[in-house]
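# just to be clear, the model below is a prediction. Sequence and coordinates:
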There are 4 protein chains.
Amino acid sequence: MQNKTIKIHPINNLRNAVTPSHKMEEECGVFAMYDTKQIDNVAYAAYCGLFALQHRGQESAGITIANFGHLETIKGMGLVNEVFNVDELAHKMGNAAIGHVRYSTTGSSNLVNAQPLFAQSVMGAIALAHNGNLVNANQLRHELEMDGAIFQTSSDSEVILNLLAKRAKLGLEKAISDTCTTIRGAFALVMMIGNKLIAVRDPLGIRPLCLGKIRGTETHVLASESCALDIVGADLVRDIEPGELLIIDETGFKSFKYAPTNERASCSFEYIYFSRPDSILDGLDVYHVRESAGRYLAHQKPVEADVVVGVPDSGIVAAIGYSEESGIQYSMGLVRSKYMGRSFILPSQSLREQAVKLKLNPMRKVIAGKRVILVDDSLVRGTTAKKLIKLLREAGATEVHFRLASPMVKSECYFGVDISSKEELIASRMSVDEICREIGADSLDFLSISNQRKILGGEQFCEGCFTATYPIKDIENHQEDKC
Amino acid sequence: MQNKTIKIHPINNLRNAVTPSHKMEEECGVFAMYDTKQIDNVAYAAYCGLFALQHRGQESAGITIANFGHLETIKGMGLVNEVFNVDELAHKMGNAAIGHVRYSTTGSSNLVNAQPLFAQSVMGAIALAHNGNLVNANQLRHELEMDGAIFQTSSDSEVILNLLAKRAKLGLEKAISDTCTTIRGAFALVMMIGNKLIAVRDPLGIRPLCLGKIRGTETHVLASESCALDIVGADLVRDIEPGELLIIDETGFKSFKYAPTNERASCSFEYIYFSRPDSILDGLDVYHVRESAGRYLAHQKPVEADVVVGVPDSGIVAAIGYSEESGIQYSMGLVRSKYMGRSFILPSQSLREQAVKLKLNPMRKVIAGKRVILVDDSLVRGTTAKKLIKLLREAGATEVHFRLASPMVKSECYFGVDISSKEELIASRMSVDEICREIGADSLDFLSISNQRKILGGEQFCEGCFTATYPIKDIENHQEDKC
Amino acid sequence: MQNKTIKIHPINNLRNAVTPSHKMEEECGVFAMYDTKQIDNVAYAAYCGLFALQHRGQESAGITIANFGHLETIKGMGLVNEVFNVDELAHKMGNAAIGHVRYSTTGSSNLVNAQPLFAQSVMGAIALAHNGNLVNANQLRHELEMDGAIFQTSSDSEVILNLLAKRAKLGLEKAISDTCTTIRGAFALVMMIGNKLIAVRDPLGIRPLCLGKIRGTETHVLASESCALDIVGADLVRDIEPGELLIIDETGFKSFKYAPTNERASCSFEYIYFSRPDSILDGLDVYHVRESAGRYLAHQKPVEADVVVGVPDSGIVAAIGYSEESGIQYSMGLVRSKYMGRSFILPSQSLREQAVKLKLNPMRKVIAGKRVILVDDSLVRGTTAKKLIKLLREAGATEVHFRLASPMVKSECYFGVDISSKEELIASRMSVDEICREIGADSLDFLSISNQRKILGGEQFCEGCFTATYPIKDIENHQEDKC
Amino acid sequence: MQNKTIKIHPINNLRNAVTPSHKMEEECGVFAMYDTKQIDNVAYAAYCGLFALQHRGQESAGITIANFGHLETIKGMGLVNEVFNVDELAHKMGNAAIGHVRYSTTGSSNLVNAQPLFAQSVMGAIALAHNGNLVNANQLRHELEMDGAIFQTSSDSEVILNLLAKRAKLGLEKAISDTCTTIRGAFALVMMIGNKLIAVRDPLGIRPLCLGKIRGTETHVLASESCALDIVGADLVRDIEPGELLIIDETGFKSFKYAPTNERASCSFEYIYFSRPDSILDGLDVYHVRESAGRYLAHQKPVEADVVVGVPDSGIVAAIGYSEESGIQYSMGLVRSKYMGRSFILPSQSLREQAVKLKLNPMRKVIAGKRVILVDDSLVRGTTAKKLIKLLREAGATEVHFRLASPMVKSECYFGVDISSKEELIASRMSVDEICREIGADSLDFLSISNQRKILGGEQFCEGCFTATYPIKDIENHQEDKC
């Protein structure tokens, strides 16, 4: 059992209290790297890759360094640059690594759920990093428990580990493909099993996963988003296909489809909000999608105005697109504090009302006496929007027209996004006009579903949170801890 | 001596190694608040105010809470939200507070230099927060030492404390005004002496200091920048005048000029880089100054191009101005990582060359095949600019035209800005053409001094770092630790 | 899965480097408490109990608080008073708790091995705390892996969890008794399974486990040693019998023998060194055993001397016994530093030779010109003894006669004591005379096996480490991480 | 000002709450070392020396390393092995060092009061470490403040720094001797002033200070107690005389009396409780004094009994002496937990009554049915004694006769010992018989003053806390923070 050393790093106490998010939040990001020979920067590269994927999860981070089958895992609570000691990583020799970042939810934040998960099995040491969410985890878990399995975490990813172990005698490939047809839901997985690196994407390709290669080397890289390839100097080779199983080892690549892929249902919210604007997912440029959404909005419900303002950071690109298309001047009307970490907590007192100002301060000179078009990526609960519009009016805006670069978010996500309940979603309870009154805007518009389809270039996307029509049936009610 | 409790908070170990800055850096920010009655949010307000001034100093932070003459100081190394426990602050009763943030320099980072400084004197307990730098501190220090004074820190602010104590028998007002005519250089001071709040600005008004009042109350606020007034719900009343001494106590305001103010020499770099764009200093709007600089640049040396890109965050406003004036499209061509803290350290290996990508990733789709105008606020050493231009070319830019929204920085600052030596400044060694070649740009232009004067509206500004002509003579060679 | 919250507490960095032990070290201690109604001090009582058992393990500590089947676990690296926040514990309501302390070994110190271990199974939530070591864990582990089980820790206790889960369908009692006859070795277990508290002792009773009851209540307590009963105000009721399975739940007690108990083989080292002198194990008083050992030594090999000195703290009681019996004066000839924690590290330099003085300083006035009888509990590697004798001579001792209150330790322990290899043991390589020369004593004597048997009152004790004759056959070579 | 770097180490959060002491507590310990050439272990030696003096102060620790006049100070809150990184110290080159440990009081625990204090003065850099307490500090402070001095700490040691600076123009020797005749009270000082090491003892020699020399070298060492010489391999040369000023520099030793020394008033409590038993102070062996006290007690008030028990650790030596003299058997009747740190806090609940058991557990077998003589060093508040006697009776003691190895403590100490008020002292309010009833003993006896004088060998000791007759007159009422 000398394959495993988990080192626990101190939790930053300042991080205990988390301001509730006003955004839908991604659950995880994964990264992997493989070389046929021992190299000295595989752990540091994983660090850089996770750093580029930090926006996909800030609760915990972990790296498993593989040295020809010997697996060592370092993980902890906190941001990538808090969990890891770079100097220590830079001295780790190995030929492969996988990494994971996980999103912070208040309730179940704990280290045992941090990934990569580790297990010793008859196939050898396994390390697994998972982005997504299973929709039949409870049933599978119950079956496994009935068969004598034990569960030490609350993560649905542990179900995958147990299924793999159960099927071990079928051989590696069959064990994995059987497991991947048994589980249902969203999963982009990277795993080390002994000295093999495995990558899997669910049959609908709900969560992204792409393959790259470091320029001038034989080192392959896998990541949730292409921005993590850029950071390690890798070129984007292609996306892992829905239903694809890829095995990389010393003998080379082996790829096959473990599931038929007539359909495809990539998450549309990856383009709207989750992914970084400099990523390319399944061939689509995130920046371009957002800018186009702004352009379409300019035509959907035109309004006379003096200035276009984006909500930093997620509404900036769409605001630029809106400005370009409408000819109305783009200005930085809201200044975002660089120092607003997740640790910022507000005691209960009169100053709390001014809380949103700690994050965003309106530029009085840009706003005063102006008719403002305010652009954001999406509307979830509406509480921050209401405060922002009030702030703009206090700063002298004569009109505030609010535009959202995505359709109305009306329903839960079962595939790895944190929306605790449908009731939270303002668009599930109110019409556009009602929302407009509630948040105090002069006018309000959402990108239409049809325009979103035009921008994305088709209907092969999951629109569940907008339409409540999901690409997978038979979704369990009670959900495990997602990743 | 029960007036003083300094609590030392743990230093974040992750902060030990600091990436050398590629910018000129401000040294400090100050904040103060005064009410005639005890209120429950004076400490929390100081916290919010320092949070808004965090960009002026990230090394240490401190707050002195005054409860009718009883002074308690909490200070530590780190960011505002690391040093203070908000819950603890929210329960501190008091009628006044002063606060300070200090810039991080590698060499002399230590807690004894953190402010507010405290001293027990015959006038009572004194707490002092200082932004600026004295140019005759060594001489004064020597004189004080010859007279039996001891110095426990390396800060020039301790000289001020000693001078005040020496003059105590003259009475408070005379002691302060005498002290302020004895010291020379840049100083914006806030002090508690017993239950009096004192604010002073140097005779040339080099460092900013403004006065506000919380709406609907009699609570007065002082801050280095007006953005800190906004955050606590205060309206900007006016700026403290050069040479003004303001005393606030239970009996009201008292203000007088301790020095003649025929001249004025506000730091021009406050507008170019240091201050937040949402601040108004001495009546001038920072956002407007930066946008105007971009507009002037568009005329100074016009060039045909496809896209204007600002270097995040400091070049964005000027880039927007440039785009507006030139009609060339503004795009977000560089994506800045939100998670790049000061703690990011890079081990010495081949991946280091890709380091700047950890902070800034070029948007290939925005850049590729385009002629790019890249706008930044200023050029100091030139090393980052060179890497950025290389990155843009690798991302497919066909031309890169670099524009700086300030004149060439050629000389040291003696008034509170960290430029360790003139030799570091690329513009002190090279001509525009040489710099252009060195950094690999297709063309290069700096805002002219004359255009900068037009934008700022006159010559009453310190231009020492551009012209080597300083508004104060007889500057000591060897410098104390500045603030 | 809301049954589990593991909170990870910061690791004290000062603890990283551990001075290698010069003693045989116990691996673990367990504690449990059960009441039929909810009480407010069950967690705090567990804390006190573990505090009293701290000498049995200083690496990690954990408590599972049970509130009628809802299990919450808090565990971390470090001492009991470092891992737990007493204020937090004091507010935990519950009706039962189990706790565990674990010994620190340099190699495998990590949080995943900290106990209580937790698992969700078809029987419900299980929390397990184990003192002892299995001798067939590898084989069982292999069989379980072949059957699809996964292992997430390197602890042999995880094997027990998996065996229990496999047998769950047999019903609780049968599952446990089957498991306890499948595993072989030393085990004193306390477990919560749902709302039942289970206590088990291995068929030979190698590791101790006793039952107590808090005076004036119906609250039952289980602990590795009776000193942990004292601390919570409980009276010692009886010891758990070898091969006994005890189940406590709301309906009362149920106890039966899952294994025949014709034999018994309590660890003799518990009396010699591991247990606290104020504990009573299996009816035998530890203090009395040690004092008697000293008395027997006084007769075994009498020597003329001036003073009897015990090595603090483990040799003190035997030294007092020796003094009483011999009539030679007992003196505190060695002063032990109270502040020598496990964190004390010594850099490689000339001062290192004086290292043992940091821990023990000889009393020159007591020693100088005297013939000293030095008494310790046992001799493991001999290195510290050699240094101590040298120190005494430097302090002026004219003769040093070394006496050990246990027989020669010549062989490994397979039942939960940390002796990494037989080669380390000086008595496995040398005769008494050779050791005497090696450590520089004037004479040397070990308690004879026959005298030890007289003191312990029979042969029903494990003497494996003295005689290499073990009470269990078929011991696996390669050992899992023990507890 | 590059002479000073204070590094602040994290405070151990576990240390926040301190159990109130049941003992009189020493305030500080000092250590110093000087060599004429640069050596590599001066900082590590200071670390070892402070480690040996840890019992004199556990709040903070500090070391100033001197490298031919360049002074660097490292200090922090906590124990010696928490504040310092030994690896870091082991690489510090220097020719001298001074160190300090400070006692923990709840109220004024803060880093600014940690020593060595540092000051830059016209004489050069000064570092000062002080054990003792001035009795005219307030008056001197007021005079200095009137003269323009400022005070940044609440320590009376800062008064000494200011006095020295004021007198700097008189030359080093005169400045020091003038200062030492101006201050009144108890002071054992070690200082670095530039490259000179200075040691001073107050005119009555109230606090101890001894001089040693490392065997085979020219390295001189100064320490509060000789046990700190032992640990660094130094031989005790002599004690610094009352009123002596010693200056060590590259040219050698210079020693003179700055004050006449007809009198002497060494603190008697150093022998009774403060100092380690292995120290020799002013020629008197601490162990011997304590053992003799036990012997005298055996004669003062003889009683028939079965066993003599010492209260660990401070009553053990006297108990051994009592046993030897009386012929009554000595036994370890109370077991002290090794793990009871200062961090142990007890929540307010029913279990609190059993609190003293966490620290001390009675040995039932030793105590039950026995008449016990319980020996402790001194009686302060009586609360712990009462609990201990109750514990012994619960463990079956038929009689408990309590003996104290010092006279009745009836009055405050003004010379560096922490007794907050006379009212706390049980012997200031009650007669021996009343105390005996109050604590529930069968008989009670204190060492008589006359016997104590016999043991100490004269009347040249301060007995203020026993007799309220102090060797210094005109003691200020309000006390500064002592050290």
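Now that the structure is in, tell me what you want to look at.

# remind me which residues of the stretch 51-200 of chain A are low pLDDT?
Residues of the stretch 51-200 of chain A meeting the criterion pLDDT under 70: A:104-110.

# around chain C, pick out the residues from it.
A:77, A:110-112, A:117-122, A:126, A:145-152, A:154, A:161-162, A:165-169 (CB under 8 Å from any CB of the partner chain). Where you see a C-beta, it was placed from the backbone N, CA and C, and this is true even at glycine.

# what's the pLDDT at A:Tyr287?
What the model reports as pLDDT for A:Tyr287 is 95.

# confirm for me that A:Asp445 is in contact with A:Lys301.
Yes: using CB atoms under 8 Å, A:Asp445 is in contact with A:Lys301, at 4.1 Å.

# hmm, back to that, of the residues of the stretch 51-200 of chain A next to chain C, buried ones?
Neighbour counting by 16 or more other CB atoms under 10 Å in any protein chain shown classes A:77, A:110-112, A:117-122, A:126, A:145, A:147-152, A:154, A:161-162, A:165-168 among those as buried.

# in strands, which of these fall?
In this view, those that belong to strands under DSSP state E are A:77, A:117-121, A:126.

# from those residues, which single one is nearest A:Lys365?
Nearest to A:Lys365 among those: A:Met77, at 42.0 Å, using CB to CB.

# beta partners of that closest one?
A:Ser60 (DSSP bridges).

# I'd assumed A:Val83 was in contact with it.
Yes: if you go by CB under 8 Å, A:Met77 and A:Val83 touch, sitting 7.3 Å apart.

# the helix or strand A:Val30 falls within close to chain B?
According to DSSP states H and E, A:Val30 maps onto strand A:28-39. No: for strand A:28-39, no contact with chain B is found by CB under 8 Å from any CB; the gap never falls below 9.8 Å.

# other SSEs contacting the helix or strand harbouring A:Ala43?
Applying DSSP H and E as the criterion places A:Ala43 in helix A:42-52. Helices and strands touching helix A:42-52, by 3 or more CB pairs under 8 Å, 6 or more residues apart in numbering or on different chains; DSSP states H and E, are strand A:28-39, strand A:60-67, helix A:80-83, helix A:86-90, strand A:94-102, strand A:220-223, helix A:227-231, helix B:355-359.

# how distant is the third one from the center of its chain?
If you compare the mean C-alpha spot of helix A:80-83 with that of the full chain, they lie 18 Å apart, counting by CA atoms, centre = their mean, to the nearest Å.

# quick one: list the elements packing against it.
helix A:42-52, strand A:60-67, strand A:70-77.

# okay, those in TSV with distance to C:Ser421 next?
As requested, the helices and strands packed on helix A:80-83 are arranged in TSV below (distance: least, CB to CB, whole Å):
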stretch	distance to C:Ser421
helix A:42-52	32
strand A:60-67	26
strand A:70-77	23
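
# please report phi then psi for the residue lying farthest from the centre of chain A.
The C-alpha centroid of chain A is most remote from A:Gly369, which lies 38.7 Å away (CA atoms, centre = their mean). Phi and psi for A:Gly369, reported as degrees, to the nearest 10, are phi 80, psi 10.

# ok, A:Ile272 - contacts?
Going by CB atoms under 8 Å, 6 or more residues apart in numbering or on different chains, A:Ile272 touches A:289-290, A:293, A:377-378, A:405-406.

# how about the contacts made by the closest residue to A:Leu89 other than its chain neighbours?
Residue nearest to A:Leu89 in three dimensions, not counting chain neighbours: A:Ala43, with 4.1 Å by CB to CB, 6 or more residues apart in numbering or on different chains. Contact analysis of A:Ala43 by CB under 8 Å, 6+ apart lists A:63, A:65, A:89-90, A:92, A:94, A:97.

# closest to A:Glu438 among those residues?
Of all the contacts of A:Ala43, A:Ile63 has the smallest distance to A:Glu438: 44.6 Å, by CB to CB.

# from memory the closest one sits against A:Val80, does it?
No: the criterion here is CB under 8 Å, and A:Ile63 misses it with A:Val80 at 9.1 Å.

# pick out whichever of the two has more residues nearby.
Taking neighbours as other CB atoms under 10 Å in any protein chain shown, A:Ile63 and A:Val80 compare with A:Ile63 leading, 30 against 27.

# distance check, the residue in the stretch 101-250 of chain A that chain D sits nearest to against A:Ala61.
Chain D sits closest to A:Leu111 of the stretch 101-250 of chain A, with a gap of 19.1 Å, by CB to the nearest CB. Counting by CB to CB, to the nearest Å, the separation of A:Leu111 from A:Ala61 is 11 Å.

# ok, now A:Lys257?
With distances taken as CB to CB, A:Lys257 is found 32 Å from A:Ala61.

# buried residues in stretch A:239-257, which are they?
A:239-249.

# cool, stretch A:73-92 as well?
Using 16+ other CB under 10 Å as the test for burial, stretch A:73-92 gives A:73-86, A:89-90, A:92.

# ditto for stretch A:36-44
Using 16+ other CB under 10 Å as the burial criterion, the residues of stretch A:36-44 that qualify are A:36, A:39, A:41-44.

# run the chain-centre distance for the longest helix along chain A.
If you go by DSSP state H, chain A has its longest helix at helix A:286-300. Its chain's C-alpha centre lies 21 Å from the corresponding centre of helix A:286-300 when counted by CA atoms, centre = their mean.

# helices and strands around that helix, which ones?
When contacts are defined as 3+ CB pairs under 8 Å, 6+ apart, helix A:286-300 sits against helix A:316-326, strand A:399-404, helix A:449-456, helix B:364-367.

# residues making contact with it?
Here helix A:286-300 makes contact (CB under 8 Å, 6+ apart) with A:270-272, A:275-280, A:317-326, A:375, A:377, A:403-406, A:445, A:447-448, A:451-452, A:454-456, B:332, B:363, B:365-366.

# cool, stretch A:381-397 as well?
Contact partners of stretch A:381-397, identified using CB under 8 Å, 6+ apart, comprise A:22, A:309, A:311, A:333-334, A:356-357, A:360, A:362-364, A:367-372, A:374, A:376, A:379, A:400, A:402, A:424-426, A:435, A:438-441.

# filter those down to the buried ones.
Buried among those by 16+ other CB under 10 Å: A:22, A:309, A:311, A:333-334, A:356-357, A:360, A:362-364, A:367, A:370-372, A:374, A:376, A:379, A:400, A:402, A:424-426, A:435, A:438-441.

# just those: which are in strands?
Counting by DSSP E, the part of the buried ones among the contacts of stretch A:381-397 found in strands is A:309, A:334, A:360, A:362, A:371-372, A:374, A:376, A:400, A:402.
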